[in-house]
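> okay, predicted coordinates and the sequence, questions at the end:
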Amino acid sequence: MTMAISQCPGSVRHTLTPIVNFNSGDVFSFEIKQRILKNNGSVLNNHSDERMSFMRQLEFFQKLNRQDALSYRGLFIDAAASLLDSRSAWKDFIPFVFQFRVNVGVKMQAIMNESSGIALDNIIKLKSLGVRFWMIADDEW
């Protein structure tokens, strides 16, 4: 399922992929991907915008959750390991944890090689609030 705000330069495109339990057919969660289009149509890929992109994905899913909390109760987001190093960014993230189930996928290699003590503390705190973290192998990204 693809939901696009618009195709104009500077627009945001969200793609939702349902994660389904094969045995029961129930939707466990949705994986959300986001693309921000620049003026020339290419994808914005700037590390300084990672936090903004991450928050936009959460805000988009929050709107879906408000309209249909039963269908949109779980979310899976891929996150850059560098996003885990910021204490202030994660304070903004916490209110979403109490609204719906949040799963965060992070590259395994990045966590092993690039993680700081702050990132590991953030993971522990968020896990205690119910956030699930998934380590993704580099060839799966």
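Arrived safely, thanks for sending.
> C-alpha only now, for contacts and for neighbours.
Will do.
> just the helices from this protein, written as ranges.
In the chain, helices defined by DSSP state H lie at 50-67, 87-97, 108-114, 117-128, listed in chain order.
> among those helices, which comes closest to Ile136?
Ile136 lies closest, by Cα to Cα, to one member of the helices of the chain: helix 108-114, at 5.3 Å.
> just to revisit the earlier point, wait, which of the helices of the chain is closest to Phe28?
Nearest to Phe28 among those is helix 50-67 (13.9 Å), distances taken as Cα to Cα.
> re the thing from before, need the winner for burial among the helices of the chain.
Per residue and on average, the most neighbours among the helices of the chain fall to helix 50-67, with a mean of 16 (mean count of other Cα atoms under 10 Å).
> show me what that helix is packed up against.
Packing partners of helix 50-67 (3 or more Cα pairs under 8 Å, 6 or more residues apart in numbering; DSSP states H and E): strand 27-36, helix 87-97.
> only C-alpha atoms, please: export that helix in CSV.
Taking Å, rounded to 0.1, in the frame of the first residue of the first chain, the C-alpha atoms of helix 50-67 are listed here in CSV:
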residue,chain,number,x,y,z
GLU,A,50,17.3,11.7,10.0
ARG,A,51,15.5,12.9,13.1
MET,A,52,13.0,14.9,11.1
SER,A,53,12.3,12.0,8.8
PHE,A,54,11.9,9.6,11.7
MET,A,55,9.4,11.9,13.5
ARG,A,56,7.4,12.4,10.3
GLN,A,57,7.0,8.7,9.9
LEU,A,58,5.7,8.5,13.5
GLU,A,59,3.4,11.4,13.0
PHE,A,60,2.0,9.9,9.8
PHE,A,61,1.3,6.6,11.5
GLN,A,62,-0.2,8.4,14.5
LYS,A,63,-2.8,9.9,12.1
LEU,A,64,-3.7,6.5,10.8
ASN,A,65,-3.9,5.1,14.3
ARG,A,66,-6.3,7.8,15.4
GLN,A,67,-8.6,7.0,12.5
